[in-house]
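Undergrad: Kindly generate the corresponding structure for this input.
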Amino acid sequence: MLFQDRRFAPYWFESATPTFLVEILSQRGVFTPQLERLQTEAELLGRFDVDHIATEALLFQTGYLTVHEVEEPMTGYWLYTLGYPNQEVETSLNQSLLPALGVENAPRERKTLFTHLHAHDLAGLEAHLKALFAGLPHDWYRNNPIARYEGHYASVFYSHFAALGVGVTVDDASHHGRVDMTVDAFGHLYLFEFKVVEQLPEGRALQQIKARGYADKYRGTGKPIHMIGVEFSREERQIVALDIETESPL
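TA: Next up is the predicted model:
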C-alpha cells in the first residue's frame, strides 16, 4: 500500500477495526498515558484465555504494544517494559479511544487542537481545552467512581494530543522529579502538570513546574517553553484554572 499510494498512512491499523479492544480498554478504565510505558511479567504475556486475559497481554498479543526493554532483577524473574511499536499505532489507537473516553466529534476537536498548536495560539488552546472537558457527557461522571474519573482527566489530555501525532512524553523525568506530560509540537514545547483543586490550593500546578525546574533540561533546545498548570474541580467536573507561563529561548 505504501508503494502503491506513494504516501505514509496507518495501513496496518486500518486493516482491522479494533472495536473489541477499545471496548475492553473502556470497560476496564485503562489509564491511557500508561500505555506508553507498561510493565509486566513474562508469565502474563503468554496467557491466551480471552475471558481472563490481562490488559497488557491482550495489547501485546494483538500487536498494539511491543517489548521495549527486558530486565532480570533477580535470577529467573523477568520484567518486560512494553510500549507502542511506532507512532502510527500510538496515533491510531488513541484516535479510536477518544470516543470511548467521552470525546464527541473527535476529528473536529483534533483539527481545532492542530490549528491552535500550529499557530502557537495559547489563548485559543486554553479555550479549546476548557470547551473539550465541558463537553464530556454528564452520564460518564455519574456512572463512574471519583477515583476513576480523576485519572480520566489525564487520559483525555494524553489521548487527545497523542491522536494528533505530535511528540508526547508522559511522566517526563528531570533532575527534581517528573512533569506529568510534555508535548513537542511545531517548534514549541508544552509542559503540563495536572492537579485536582479540592486536594491542593489553586495555583499549585504551575508553581510545581517552576519550583522543581522541570523546564531546565529543555532550555538549551532553542525552543519556546510553555509551562502549563491545569487544575480540575472534581465537584464542577471541569477545568477551573489553566495557568500558562512562557519562556522564550535566549
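Undergrad: Quick check: which element contains I209?
TA: helix 204-211 (DSSP states H and E).
Undergrad: chain center to that helix, what's the gap?
TA: From the chain centre to the centre of helix 204-211 is a distance of 20 Å (CA atoms, centre = their mean, to the nearest Å).
Undergrad: What of stretch 127-139?
TA: Computed by CA atoms, centre = their mean, the chain-centroid distance of stretch 127-139 equals 17 Å.
Undergrad: swap in stretch 151-164?
TA: Computed by CA atoms, centre = their mean, the chain-centroid distance of stretch 151-164 equals 4 Å.
Undergrad: any idea what sits nearest G222, other than its immediate chain neighbours?
TA: P249 (4.8 Å; CB to CB, 6 or more residues apart in numbering). C-betas here are computed from N, CA, C, even on glycine.
Undergrad: likewise L97?
TA: Distances taken as CB to CB, 6+ apart place S159 nearest to L97, at 5.3 Å, with adjacent residues excluded.
Undergrad: Where does the spatially most central residue of the chain fall, secondary structure wise?
TA: Central residue of the chain (CA atoms, centre = their mean): Y158, 2.1 Å from the mean position. Per DSSP H and E: Y158 is located in helix 146-162.
Undergrad: Just checking: what are the partner strands of the following helix or strand past that helix?
TA: Counting by DSSP H and E, the element after helix 146-162 in chain order, helix or strand, is strand 167-174. Strand pairing for strand 167-174, using DSSP bridges, gives strand 177-185 (antiparallel).
Undergrad: any idea how far the next helix-or-strand element following the strand it pairs with is from the chain center?
TA: The first helix or strand that comes after strand 177-185 along the chain, using DSSP H and E, is strand 188-196. How far strand 188-196 lies from its chain's middle: 12 Å, per CA atoms, centre = their mean.
Undergrad: going forward can the numbers begin at 232, since that is how I track them
TA: Shifting the count to begin at 232 puts that one at strand 419-427.
Undergrad: one step back: thought V261 was touching the residue nearest to L328, still the case?
TA: No: using CB atoms under 8 Å, S390 is not in contact with V261; the gap is 10.5 Å.
Undergrad: quick one, which of those two is more surrounded?
TA: A direct count of neighbours by other CB atoms under 10 Å for S390 and V261 places S390 higher, at 25 against 20.
Undergrad: got a list of what that one touches?
TA: The neighbourhood of S390, defined by CB atoms under 8 Å, 6 or more residues apart in numbering, consists of 263, 325, 328-329, 332.
Undergrad: D411 against A385, yeah?
TA: Yes: taking CB under 8 Å as the definition, D411 is a contact partner of A385 at 6.7 Å.
Undergrad: Find the residues that touch each one of the two.
TA: F425.
Undergrad: Tabulate the CA atom coordinates of the helix or strand I475 falls within in CSV.
TA: Assessed by DSSP H and E, I475 sits inside strand 469-478. This file holds the C-alpha atoms of strand 469-478, laid out as CSV (Å, rounded to 0.1, in the frame of the first residue of the first chain):
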residue,chain,number,x,y,z
GLN,A,469,-14.3,20.8,34.7
ILE,A,470,-11.0,22.6,34.2
VAL,A,471,-11.2,25.6,36.6
ALA,A,472,-7.8,27.0,36.0
LEU,A,473,-5.2,26.8,33.2
ASP,A,474,-2.2,28.9,34.1
ILE,A,475,0.4,29.5,31.4
GLU,A,476,3.9,31.0,31.7
THR,A,477,6.2,31.1,28.6
GLU,A,478,10.0,31.3,28.4
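Undergrad: Just the buried residues of it, please?
TA: For strand 469-478, a neighbour-count test (16 or more other CB atoms under 10 Å) marks 470-474 as buried.
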